[in-house]
Each structure stands twice: as C-alpha cells, then as structure tokens.
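>>> From the sequence below, what's the structure:
(one chain, ligands or ions: 1)
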Amino acid sequence: MGINIGVCALQGDVSEHIMAFKAALSASGQEGEVFSFRRAMDIPRCDVIVLPGGESTTISRLLRKNEMYGPLRAFKGGIFATCAGMVLIGREVDDPRVEPLGIMDITVGRNAFGRQRDSCEMAVTIIGDERPFCGYFIRAPVITSVGPEAVPLCYADRVVGAVQGPHMALSFHPELGGDLRLHLLFLKRLGADTTAP
Ligand code: GLN
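Numbers count the residues shown, from 1 in each chain. From the prediction side, this is the model:
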C-alpha cells in the first residue's frame with residue numbers, strides 16, 4: 001500500500017509541491033499518490049499533509065471557514081509545512097490575524113527577512129548534511145524559538161527549519177529548485193518515532 005500525500009490547496013503553490021513529492025516518491029522507490037485537497041472530509045485519507053506557502057493570514061481564514069482546524073490538529077500523520085505553512089504549524093505567531101495550529105513546538109515570526117530581502121536565495125545548512133542547500137526565501141518567516149518538543153534542522157544565520165516526530169517545518173521553499181533532499185529526509189522520518197534530525 002502506498003503513501004497518500006495530500007497538498008492543502010486553499011491557497012499557495014500547490015502544483016510545485018505535487019511535482020516535488022511525486023519526484024521524491026519515485027527517487028526513494030516508494031509507491032504513493034500525491035493529490036490536492038480543499039475540504040476537511042479529505043483529511044482522513046491522507047497519510048501526509050503538505051501545508052504550502054502563500055499568505056498565512058488568508059490560509060488561516062480559509063482553514064477556519066472550511067472547519068479544518070479541528071481535523072488538522074487531530075491528524076496523526078506527518079505534516080510538511082513550508083513558509084506560510086510553517087507560520088501556521090507552530091504554537092505561537094507574532095501576528096494575531098493568524099491562528100496557529102499548535103502542532104509543532106516552535107514560535108514563528110512572519111516576514112522576518114526584511115524588505116530588501118523580500119525574496120532571495122540563501123545557502124541553508126541542514127544538520128547532518130555537509131552539502132549546503134539552496135533555499136528560496138519569499139517573504140519568509142523565521143523560527144524564533146524551538147522546543148523542547150521540536151529540534152532545529154536548518155540554519156541560514158538563523159533557525160529556518162525544524163522537525164518534531166514526523167513533522168517538518170521550513171521557512172523557505174524546498175519544492176522549488178529540484179533538490180529533493182529535504183523531501184527525502186521527510187519521507188524517511190515518517191513513522192520513525194524520533195525527534196532528532
Ligand atoms: N509572508 C507570508 C506569510 O507570512 C509567507 C510567504 C510565503 O509563503 N512565501 O504568510
């Protein structure tokens with residue numbers, strides 16, 4: 001039986017995530033389906049949920065409207081949260097318009113990389129991997145504190161990635177650029193009951 005990977009498609013870059021996870025499944029020799037979904041009733045058929053980038057204030061509003069907060073908080077699989085998705089998955093955000101899901105033990109600051117660097121590429125260090133990762137930061141958030149349940153995974157002068165059990169949160173957009181290392185690491189960690197990166 002393959003892995004069902006659902007990309008939450010309320011807003012944001014959905015097709016890039018679908019393509020990246022399809023490529024990661026085939027690179028790791030795993031069976032699975034990758035699809036987009038918009039309704040709370042689709043959540044139980046997912047083994048993995050992707051919360052993509054976009055505008056976290058808008059996504060938060062749509063999650064509320066579609067009554068998805070409860071089912072997401074009760075979800076037992078792994079969540080791959082990027083950029084605006086990372087803003088949502090933490091326990092605290094510096095913007096009262098965003099209701100955090102409180103799934104990962106991180107606090108997040110929105111738009112943390114300043115105006116002159118609204119969008120940029122930066123070399124990201126992944127713990128346990130010597131090769132730098134090219135991170136695409138688009139009005140990116142930063143992780144302002146981690147733990148004790150979560151642990152840092154990525155640095156780019158500040159903490160820009162963390163893991164907690166099967167969940168992974170990233171400030172940047174690993175679905176762009178074709179480097180699948182973080183997707184592969186996420187898939188490898190699924191089911192492994194570990195906190196360490
Ligand atoms: N700045 C956006 C937010 O906080 C995130 C940007 C992105 O997802 N690329 O919602």
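>>> Tell me if the helix-or-strand element of the chain with minimal mean pLDDT is near the ligand.
Ranking every helix and strand in the chain by mean pLDDT, DSSP states H and E puts strand 119-126 at the bottom, with a mean of 93. No - Strand 119-126 is not in contact with the ligand by Cβ under 6 Å from any ligand atom; minimum separation 8.5 Å. Every residue, glycine included, has its C-beta placed from N, CA and C.
>>> That strand pairs with which strands, and in what direction?
In the sheet, strand 119-126 lines up against strand 133-138 (antiparallel), strand 151-156 (antiparallel) (DSSP bridges).
>>> how about those in a markdown table, adding distance to L88, mean pLDDT and mean neighbour count?
Converted to a markdown table, the strands paired with strand 119-126 look like this (distance: least, Cβ to Cβ, whole Å; pLDDT from 0 to 100; neighbours: other Cβ atoms under 10 Å):
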| stretch | distance to L88 | mean pLDDT | mean neighbour count |
| --- | --- | --- | --- |
| strand 133-138 | 16 | 95 | 20 |
| strand 151-156 | 18 | 97 | 21 |
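>>> Tell me which of these sits nearest to the ligand.
strand 133-138 (3.8 Å; Cβ to the nearest ligand atom).
>>> Output that closest one as PDB, restricted to C-alpha atoms.
Extracted in PDB, the C-alpha atoms of strand 133-138 (Å, rounded to 0.1, in the frame of the first residue of the first chain):
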ATOM      1  CA  PHE A 133      21.000  23.500   0.300                       C
ATOM      2  CA  CYS A 134      19.900  26.400  -1.900                       C
ATOM      3  CA  GLY A 135      16.900  27.900  -0.100                       C
ATOM      4  CA  TYR A 136      14.400  30.100  -1.900                       C
ATOM      5  CA  PHE A 137      13.100  32.600   0.700                       C
ATOM      6  CA  ILE A 138      10.000  34.500  -0.400                       C
END
